[in-house]
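1. I'll drop the sequence and a predicted model, then ask my questions.
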Amino acid sequence: MWEGPFLIKSKALLKTEILLQGLDFHAFHGVYPEEKLLGNRFRVDIKMQLEVRFNPINEDLSHTVDYAIVYNLVKKEMENPCKLLETLGQRICNAVSEEFPSVLSIETSISKANPAIGGLCNWVTVTTHWSKS
């Protein structure tokens, strides 16, 4: 039986991507003492791929990823300083995959404003990819 204008079969298994873009934080990640003391502006984008059983009659949040929970997981990791954005990306992927076992893959892009590289640079971005094996 087909439901509604989107022609989604009841209880169909759908591959879904969820993207949270532009999560902005002031945090204290970095190698240099001034980064740990003053902090910096960071922007996080996180994309998750999952398969969900969609039932158009009963839209149940427990069958997908709750954006608010993802935001809070990212926020918690951003509040825990580390030296490398690579480490931070891995920690975010681990936290999200543990909270949402239905997630098949995660991509995080973490951007740091005006990095200390000895020259002009608006942002440096490190992207981490995680997938179930």
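-> Cool, the structure landed.

2. tell me which residues in stretch 51-71 are buried?
-> Residues Val52, Phe54, Thr64, Val65, Val70 are the ones in stretch 51-71 that count as buried (16 or more other Cβ atoms under 10 Å). Every residue, glycine included, has its C-beta placed from N, CA and C.

3. Quick check: phi and psi on the fourth one?
-> Per-residue torsions, Val65: phi -110, psi 130 (degrees, to the nearest 10).

4. Residues touching the one helix or strand Val126 maps to, excluding its own?
-> Assigned by DSSP states H and E, Val126 belongs to strand 123-131. By Cβ atoms under 8 Å, 6 or more residues apart in numbering, the residues outside strand 123-131 that reach it are 43, 84-86, 88-90, 92-94, 97, 104-115, 117.

5. Let's see which of those residues end up in strands.
-> Arg43, Leu104, Ser105, Ile106, Glu107, Thr108, Ser109, Ile110, Ser111, Lys112, Ala113 (DSSP state E).
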